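1. Sharing a model prediction with you, sequence too.
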Amino acid sequence: AAAPPTKRKRSTAPKAEGTLGSLQGTYGEAEASAAPPKKKAKKQFAWPVAWAWLMSRTMQHENWRAPEFAQGQVFAKEPDEDDSDDEGPSVFALATSLIYVGDQDKGYDPKHLGRVALVDSFGGVIVDCLVKPRQEILDCRTHLTGLTREMLTGPLAVDFDEAQRQILRFLKPTSLLAGYFVTGDLEALNMFHRPLIDVAHIFEVDSRKKHQHHSLRWMSEQLLGKAIDEHEPYDAVETAQLVMKLATYEASRPTSTPKFEPPKERPTELLVKHIPYHWGDRASGLLNVLCPGAAQNPVVRWRLNDSDPTDWRGEAVLVYPSQELRDIAFQKRPALTDVYVFWEDVPGAPPLGALFTESSMMRAFSEFGTVVNVRIPRKGATREPQSFAFVSFLSKDDAAEASRSKVSIEITPTWKAPVKARLAKFGHTTDKRVAIEPDPERESEFLYDWVHIVKR
């Protein structure tokens with residue numbers, strides 16, 4: 001009978017140089033010495049070129065936000081020699097479902113881990129666990145996650161540490177980990193990993209707007225030919241499997257997928273966002289007053305504001321019998337007039353957008369008239385503030401005056417930063433913000449509240 005194979009010892013040769021060498025070390029066998037080793041040196045397989053190409057494209061994307069190692073994070077470790085094998089680096093896809101937790105004493109976390117899923121390169125489920133919240137649950141985001149309070153506090157939910165351990169049982173330092181905005185998934189797990197593929201950054205959007213990305217469901221429809229009901233919650237397992245399918249699809253192509261357009265406008269629908277919570281059970285009726293002619297009793301989905309744990313906001317889709325009636329409803333209410341505010345950041349210094357606040361901008365521009373809303377956009381992936389903002393005025397004349405004036409924003413009592421302003425060139429053709437009466441029981445610096453109406 002043939003003798004059983006002996007296990008080979010991992011090589012300690014230095015990492016290879018070159019393009020792939022910067023991504024992953026390839027280890028050669030040790031040279032023969034006078035005293036032959038007891039075990040044959042192990043050869044580590046390199047990543048397939050197609051997958052290394054996806055990693056490179058991820059890291060080179062302008063919106064890529066690489067994970068940063070922080071104290072207390074967990075990470076994959078090299079397996080013991082007795083547990084090692086001759087297989088090359090594994091490929092996994094990761095997805096999480098996030099909830100909103102917190103309180104005044106311990107702080108608030110709108111991206112708290114509620115469920116985590118890990119699948120292999122064939123889409124097979126390796127890990128799927130509900131995770132017990134470590135603080136009080138404020139919003140399960142059920143319409144997005146499918147999670148409920150009962151699920152997260154029930155007997156099937158595991159502790160956060162156990163969820164980490166389940167992932168690390170399969171993950172090695174050389175494992176390829178794919179995801180959709182995967183850095184956010186790792187942050188929710190308090191985990192560090194480096195070889196990453198992000199499908200949000202390898203499929204480009206054909207649009208004049210910057211910092212855009214396709215939704216997973218749109219990529220599935222366009223690239224895989226599979227339509228997914230947008231009204232259904234995102235299931236963590238199905239999301240991980242979809243990520244793996246998209247990454248495998250792109251890795252199998254000889255060239256990268258060309259840019260493709262976002263979804264087309266839906267000619268009979270309006271999306272109304274930022275619906276105030278005090279509308280409550282009256283929301284459906286008030287929406288039909290705001291945008292008349294739609295089907296009765298639209299469904300309003302409520303969500304807690306990420307930046308304000310006391311502010312619930314809703315959104316609803318209004319469906320009309322025809323595009324003409326939809327457009328008439330859209331034009332019924334006058335839009336706020338936007339002033340485009342911009343500035344120049346000093347290279348190497350913190351961006352001014354991180355120092356400005358909505359309140360400080362509101363105070364500066366209220367000199368010219370009633371300000372209803374201030375927005376400082378952020379980059380979708382990195383969440384870094386842009387070098388511009390929008391200030392929405394109730395009156396068009398007040399906005400015009402502000403756009404012709406010199407304005408400085410107070411950062412500290414002794415420091416005011418000058419900004420430039422002009423009337424916004426775009427907007428109001430497909431989306432607009434409309435002033436509404438504020439919640440009488442809610443304190444606010446603004447005299448009006450607002451809703452955002454979008455042609456879908």
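-> Good, I have the coordinates. Numbers count the residues shown, from 1 in each chain.
2. What residues does residue 138 make contact with?
-> Contact analysis of residue 138 by CB atoms under 8 Å, 6 or more residues apart in numbering lists 100-102, 108, 304, 309. Where C-beta positions appear, they are placed from N, C-alpha and C, glycine not excepted.
3. Skip the chain neighbours and tell me the closest residue to residue 132.
-> Nearest residue to residue 132, sequence neighbours excluded (CB to CB, 6 or more residues apart in numbering): residue 157, at 4.5 Å.
4. dump the residue contacts of the one you found.
-> 129-132, 151.
5. again, but for residue 387
-> 342-345, 351-353.
6. Redo the residues you listed as JSON lines? Include secondary structure and neighbour count.
-> Listed next are these as JSON lines, based on DSSP: H, G, I helix; E, B strand; the rest coil; neighbours: other CB atoms under 10 Å:
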{"residue": "342", "secondary structure": "strand", "neighbour count": "12"}
{"residue": "343", "secondary structure": "coil", "neighbour count": "17"}
{"residue": "344", "secondary structure": "coil", "neighbour count": "10"}
{"residue": "345", "secondary structure": "coil", "neighbour count": "14"}
{"residue": "351", "secondary structure": "coil", "neighbour count": "14"}
{"residue": "352", "secondary structure": "helix", "neighbour count": "19"}
{"residue": "353", "secondary structure": "helix", "neighbour count": "18"}
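7. Spatially, which two of those residues are the most separated?
-> Farthest apart among these by CB to CB are 342 and 351. That separation is 12.3 Å.
8. which residue ranges form the strands in the stretch 101-250 of the chain?
-> Assigned by DSSP state E, counting those that start in this stretch, the stretch 101-250 of the chain shows strands spanning 107-119, 125-130, 137-139, 176-179, 191-192, 196-198.
9. For those strands, give me a markdown table that also has mean pLDDT.
-> Listed next are those as a markdown table, based on pLDDT from 0 to 100:
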| stretch | mean pLDDT |
| --- | --- |
| strand 107-119 | 97 |
| strand 125-130 | 98 |
| strand 137-139 | 98 |
| strand 176-179 | 97 |
| strand 191-192 | 98 |
| strand 196-198 | 98 |
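10. which one of the ones you listed lies closest to residue 313?
-> strand 137-139 (11.0 Å).
11. So, low pLDDT: which residues of this structure?
-> Within the chain, the segments meeting pLDDT under 70 span 1-46, 81-88, 380-382.
12. max-length helix in it?
-> Ranked by residue count and defined by DSSP state H, the top helix of the chain is helix 236-251.
13. tell me the angle of it relative to strand 125-130?
-> Per axes from the mean of the first three to the mean of the last three CA atoms, to 10 degrees, the angle that helix 236-251 makes with strand 125-130 is 140 degrees.
14. List the buried residues in helix 236-251.
-> 236-248, 250-251 (16 or more other CB atoms under 10 Å).
15. distance of residue 48 from residue 440?
-> The gap separating residue 48 from residue 440 is 62 Å, by CB to CB, to the nearest Å.
16. ok, now residue 363?
-> 23 Å.
17. So the two - more neighbours on which side?
-> residue 363 (15 against 6; other CB atoms under 10 Å).
18. which non-adjacent residue is nearest that one?
-> residue 410 (7.2 Å).
19. So what does the one you found have for phi and psi?
-> phi -80, psi 120 (degrees, to the nearest 10).
20. Could you do residue 96 as well?
-> phi -130, psi 160.
21. just the helices in this structure please.
-> 49-60, 142-145, 149-153, 160-168, 182-189, 216-219, 236-251, 283-290, 323-331, 358-365, 396-403.
22. Many thanks, we can stop here.
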